[in-house]
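>>> Quick one, fold the following:
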Amino acid sequence: MAIEYLGFIPVLLIVGLAGLQIGAVAYAAEQAATAARAGARAASLRQDAQTACAGAVSGSLKVSCTGGGGGGDSVTVTASVDIPQLVPGWGFGAAHKTATMPLDH
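Residues are numbered from 1 along each chain as shown. So this is what the prediction gives:
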């Protein structure tokens, strides 16, 4: 019976690591949305969107923002946050989110 438990431990570890990686993906997506909103708000005030994006993301996450332009009375910013790779080989790239804000005249 102890051998059966030992055989099941790797399955539990893989499921646990997969759960942690899914949590990291969700966290990166949430941080990308926050960065996009902060960058769009800064761009609507004619400030630096990249600085606002970087300031809105917590900790060691790498973020980049593009945009700041828009049509007429609005600006659109897209933020990309690299998804942390908890297990080597389980890379998911980056989370991308876009936000649009009206220009503040």
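>>> The lowest-mean-pLDDT helix or strand in the chain packs against which elements?
The least trusted helix or strand in the chain, going by mean pLDDT, DSSP states H and E, turns out to be strand 63-69, with a mean of 82. Contacts defined by 3 or more Cβ pairs under 8 Å, 6 or more residues apart in numbering; DSSP states H and E place strand 63-69 against helix 2-44, helix 49-56, strand 74-82. To be clear about C-beta, it is placed using only N, CA and C from the backbone, and glycine gets the same treatment.
>>> Give me the buried stretch members for that strand, please.
Buried residues in strand 63-69, counted by 16 or more other Cβ atoms under 10 Å: 63, 65-68.
>>> who touches it?
Strand 63-69 has contacts (Cβ atoms under 8 Å, 6 or more residues apart in numbering) with 31-32, 35-36, 39-40, 43, 49-50, 52-54, 56-57, 75-82, 98.
>>> do stretch 89-104 as well
Taking Cβ under 8 Å, 6+ apart as the rule, stretch 89-104 contacts 17, 21, 25, 28-29, 31-33, 35-37, 39-41, 43-45, 67, 70, 73-83, 85.
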